[in-house]
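K.L.:
Provided below for reference: sequence and predicted model.
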Amino acid sequence: MDAHTRDDRAGLADSLSDHHRDVRIRLRADVSRQDWLEGRPAVRRQSRVESDLHADPIRDAEPASRLSGHFGRLGNDHLDVRGDLEALSLDQSGPDSVFRLGVVGNRAATVDHGDELGERMNAIDLIHRLHQHRAWVNENLLSATNSLTDEQLHQQFPIGQGSIWKSLLHLYAAEFVWLEALQGDDNPLVQGDLPGKIPGNQLGEGGIASLDDLREKWGVLLQRWNNYLADLSPMLLDESVFKVAFGTGKRVATRRFDVLLHVCTHAQYTTAQVVNILRQVGVEKLPETMLISLARKEMQP
């Protein structure tokens, strides 16, 4: 397995003749790309009696509920008829990284070493789930506004941005500017916003004119988010993302992982304000917003 390439996929040449509960493997740092392409083994089985390659202990795999195998699985790789392990689906990792394979039946579950690759892979799964939930809630909020009159949509309340309309604009705008920042624009501006003010202020010209206009723009933004998240690499999570804060005008740095979490927690905060106002304007069937509600719907046959 070439430890220096982004596509770290390789066949493991060592045969697993018997199903040990754990097999230690080591990524060789001296393997060239050509060696890898020619099929020369870049991963070897580490003997049980051989000392650990890292000073800190290799973390044991933990059973996972609802899943066969182990918690922290990076792949779902089967053993072939000879007992050889098929390709591992791993992201980029440094040389001499160590992983443990827990073999259950004919499956191999890979578990990370300490806080290395596996935890980052688990972080990607968490990010994807939270953003899936965010998109589901957004759709529910927009659906809840279908029966509202223009008066209800713009009625003022001493909460959040002051109305359902302004709160929805802010929710959309926050997602827009943070995606722009994640993609390298440190001073993004939503069409129709004035700079230096809260995203979604729509105090400028050419802004979002109606709910239909907002739905259309949000649909385009959702696809952009989906594309970004699909390409998100675990190795990018610790990078700094720069953005000019609208309140101070200062360019500040935030870890990419924290930005991705913030977008979702901010969305939940603003969603609670919108639901509060929906209740006050007389909406009886409020939109579902809890992640557990999404999870239960997904479990239904």
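P.N.:
That came through, no problem. Residues are numbered from 1 along each chain as shown.

K.L.:
got the contact list for the closest residue to Gln280 other than its chain neighbours?
P.N.:
With sequence-adjacent residues excluded and distances taken as Cβ to Cβ, 6 or more residues apart in numbering, Gln280 is closest to Phe157, at 6.2 Å. C-betas here are computed from N, CA, C, even on glycine. Phe157 is in contact with 163, 276-277, 280, counting by Cβ atoms under 8 Å, 6 or more residues apart in numbering.

K.L.:
can you check Val274 too?
P.N.:
141, 160, 164, 167-168, 171.

K.L.:
which SS state does Thr254 fall under?
P.N.:
strand (DSSP: H, G, I helix; E, B strand; the rest coil).

K.L.:
residue boundaries of the helices in the stretch 201-301 of the chain?
P.N.:
With DSSP state H, counting those that start in this stretch as the criterion, the stretch 201-301 of the chain has helices at 211-230, 256-280, 291-299.

K.L.:
so for Trp178, which of these sits nearest?
P.N.:
Taking Cβ to Cβ, helix 256-280 is the member of the helices of the stretch 201-301 of the chain nearest to Trp178, at 5.0 Å.

K.L.:
show me what counts as buried in the closest one.
P.N.:
Buried positions in helix 256-280, judged by neighbour count with 16 or more other Cβ atoms under 10 Å: 256-257, 259-261, 263-264, 266-267, 270-271, 273-275, 277-278.

K.L.:
what of stretch 142-152?
P.N.:
So stretch 142-152, judged by 16+ other Cβ under 10 Å, has buried residues 142, 144-145, 148, 152.

K.L.:
now stretch 175-187
P.N.:
Buried-residue list, stretch 175-187, by 16+ other Cβ under 10 Å: 175-182.

K.L.:
who touches it?
P.N.:
Residues outside stretch 175-187 that contact it (Cβ under 8 Å, 6+ apart): 134, 188-190, 195, 199, 221, 224-225, 228, 241-244, 251, 256, 259-260, 262-263, 267.

K.L.:
what's the PyMOL syntax to select whichever of these are buried?
P.N.:
A single PyMOL command selects the buried members of the contacts of stretch 175-187 (16+ other Cβ under 10 Å):
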select buried, resi 134+188+189+190+199+221+225+241+243+244+256+259+260+263+267
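
K.L.:
right, I'll leave it there.
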